[in-house]
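S.K.: Show me the folded form of this:
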Amino acid sequence: MNRLSCLCLLLAAQLGASTPLWAQEVSVTAPAEAVAGSKLQVSYSGRTNPRDFITIVKPDAAEGQYDAYQYTRESPLELRVPPDAGEYEIRYLAADSPYPTLWRQELVVTEPNASLEGPGTAAAGSQVEIIWTGPDNPQDFITIVEAGASEGTYKGYKYTQTGSPVALTAPDQAGDYEVRYLMGQSPYRTLTSMPLKVTSTEASITAPAEVPAGSLVRFEWQGPDNAQDFITVVPKGAPDKDYERYVYTQRGSPTELLVPETPGDYELRYLTGQSYGVLARAPIRTTAVTASVQGPQSIEALSAVMVEWEGPGNPQDYVIIQPVAAEVPAGGQYAYVSRGPELRITAPSEPGEYEYRYVTGQAGNILARQAVTVTPRNAPGRLKVVDGSGVSGAASGAADTGAGAGVVVVLDASGSMLQRLDGERRIDIAKASLRQLIQQGLPGNTRFGLRVFGHKEADSCRTDLEIPLGPLNRSEAAAKVAGINAMNLAKTPIAATLAKAGEDLAGQPGPNLIILLTDGEETCDGDPAAVITSLREGGLDVRVNIVGFAIDELMLRETFERWAALGGGQYIDARNAAELSAGLSSAIERPYEVLAADGSKVATGLVNGLSLELPPGDYRVKLAGTDERAVTVKADEESVVSLQ
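M.R.: From the prediction side, this is the model:
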């Protein structure tokens, strides 16, 4: 103990105080030499204050001064060595100001060695492979910058911890550049560099000179096809870096792009993905288009009406029924013109004066209109069929799905499920309803599986089995559902996913059930009707129920109804959160048929499911394995049939 320490201890004893913490001894072990920017391990003992700390400073640093540090909470600890070579000190400092030094040791920091090896030239925007050696300290990285750029400058980079070689994207503008190895501590000192000359690339676009406004133009292109390169359409004379609707070149050539709906002179331009430099351009003129619509002049509220149209038929164009006073298209019953020259549309619910309108899909321009009067609707009746055995919900569903039968839910998590309904995202509403089904609706002996599409990759038709078919574990299944999220721009592979769901059920004794929950139509060129038919005809004992969520278009609902009928199941239409929860719960129930007096089938439903609307009259309700029940449906009343 030195003389100063003895005096301090003597003074403390004379004052009746305990030994000050900074006067207690400490033992520290650390290397005497380290490479700049590396990690240094320090071990220590003899101190207990977790607020003490160890730092590395210059030898002439004032007492109590510190740079980057680590608290002495656990031995050994790691310190980051300064990025510049030279002489330093490692110091152990007491916790309280003025941070007296309890221990110190000299540290020699040596210069690290580094090297770079790669091509001397590269095409603009191409991938450049760089072989490197160096200290590989935390956060060290390799970058490409303009020749002569100031120290510490960086652009696109790769961390050295990803290994050697690294692949860097060359700038998309020709010129002289440098590849640099930079240390990861600010101000990012350069350890070594090498020159890189970036050469220019060429591109071309071949497109028709004139196309109808709003149409999908098909064209060919040639170019470097580097990552994020794209082709856009902009007004003639627009600044070079401007872009509007676009398509990535990685989709290949030829490709397609929607042109603006306003007639005029435009340009197709090939733009680089980094700096939006224009590599090629092609002029294109859009010409004016016209349309017409024709339908009944008088229709009954909520009836299905047939409307014919003529026009450009561009993607997303639609025919809609709206009030005469609504000048801006803002909601109503509609059908996309892509469904054919004759469209089935649901009439508005309120009587009054309306118009059929042909509306463009991009800007919402009204190209044609025809007046139509909506008359009051004759009041329908309602029919509800319930399980009269005294057992409802999961237990009644078990009667159909069977003890230990398989239930596979197919969840749509594509981009459209990010849309909001009453302020809440559709995917969140769907997940809440599905968790309720898992936790309360399914029989305990169900063998459950979950397949999801749209949640893993944008612009993809991928489908994933998130829960393999097996005994239902309610808590694990609910937790899995909670972690799913929709992905923007993901597609809707209904056919492929239903085919996989059939494979998931292979070897599972029936009867089994597939429940598809979706808010949109097939977008991956599949044929769901053919897949469903194949499942049934291939010997799989399965029924397919479809729950359509927020489906506004009558013709799409009718498509789902047809698919469900092919699967021996039922289509359930859910317009909001409450209907989705009820509809998904009823999807495990038994189906029934409603027959007219002449024996023809007029409707189908699910036991304990939503009520059906029917014209007043006499009907019979038929459930497989039970007797038929007669029922009279009266206007504006609900008739209830109880089945065993």
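S.K.: Could you pull out the helices in this structure for me?
M.R.: With DSSP state H as the criterion, the chain has helices at 3-14, 394-401, 426-436, 474-482, 494-504, 528-537, 554-566, 577-586.
S.K.: and of the ones you listed, who's closest to residue 203?
M.R.: helix 494-504 (34.6 Å; C-beta to C-beta). For every residue, glycine as well, the C-beta is placed using N, CA and C.
S.K.: who does that closest one touch, helix- and strand-wise?
M.R.: Judged by 3 or more C-beta pairs under 8 Å, 6 or more residues apart in numbering; DSSP states H and E, helix 494-504 is in contact with strand 406-412, strand 447-453, strand 463-471, strand 512-518, helix 528-537.
S.K.: so what's residue 378 scoring on pLDDT?
M.R.: pLDDT, residue 378: 89.
S.K.: Run through the residues that contact it.
M.R.: When contacts are counted by C-beta atoms under 8 Å, 6 or more residues apart in numbering, residue 378 touches 300, 615, 635.
S.K.: roughly how far apart are residue 508 and residue 514?
M.R.: Distance of residue 508 to residue 514, computed by C-beta to C-beta, to the nearest Å: 11 Å.
S.K.: For those two, indicate the residue with more neighbours.
M.R.: residue 514 (28 against 18; other C-beta atoms under 10 Å).
S.K.: Could you check what's spatially nearest to residue 115, not counting adjacent residues?
M.R.: Nearest-residue entry for residue 115: residue 133, 4.8 Å, with adjacent residues in sequence omitted and distances by C-beta to C-beta, 6 or more residues apart in numbering.
S.K.: Tell me how many other residues surround the one you found.
M.R.: 14.
S.K.: Same check on residue 60?
M.R.: Neighbours of residue 60 under the rule other C-beta under 10 Å: 8.
S.K.: I figured residue 223 hits residue 250, correct?
M.R.: No - when contacts are counted by C-beta atoms under 8 Å, residue 223 is not listed as touching residue 250 (11.2 Å).
S.K.: Spit out the residues that contact these two alike.
M.R.: Taking C-beta under 8 Å, 6+ apart as the contact rule, residue 223 and residue 250 both touch residue 229.
S.K.: Who has more neighbours out of these two?
M.R.: Using other C-beta under 10 Å as the criterion, residue 223 and residue 250 rank with residue 223 on top: 20 against 14.
S.K.: For the nearest residue to that one once chain neighbours are set aside, give its distance to residue 405.
M.R.: Residue nearest to residue 223 in three dimensions, not counting chain neighbours: residue 203, with 3.1 Å by C-beta to C-beta, 6+ apart. Remark: distance between residue 203 and residue 405 (C-beta to C-beta) = 58 Å.
S.K.: now swap in residue 183 and tell me
M.R.: Relative to residue 405, residue 183 is positioned 63 Å away (C-beta to C-beta).
S.K.: pLDDT score assigned to the residue nearest the centre of the chain?
M.R.: The centroid of the chain falls nearest to residue 487 when counting by C-alpha atoms, centre = their mean (1.0 Å). Looking at residue 487, its pLDDT reads 93.
S.K.: what residues are up against it?
M.R.: Taking C-beta under 8 Å, 6+ apart as the test, what residue 487 contacts is 413, 414, 415, 454, 455, 456, 457, 458.
S.K.: Could you do residue 242 as well?
M.R.: residue 234.
S.K.: any idea how far it lies from residue 203?
M.R.: Distance from residue 242 to residue 203, by C-beta to C-beta: 17 Å.
S.K.: ok, and the most crowded of the contacts of residue 487?
M.R.: Most surrounded of the contacts of residue 487: other C-beta under 10 Å gives residue 454, at 34 neighbours.
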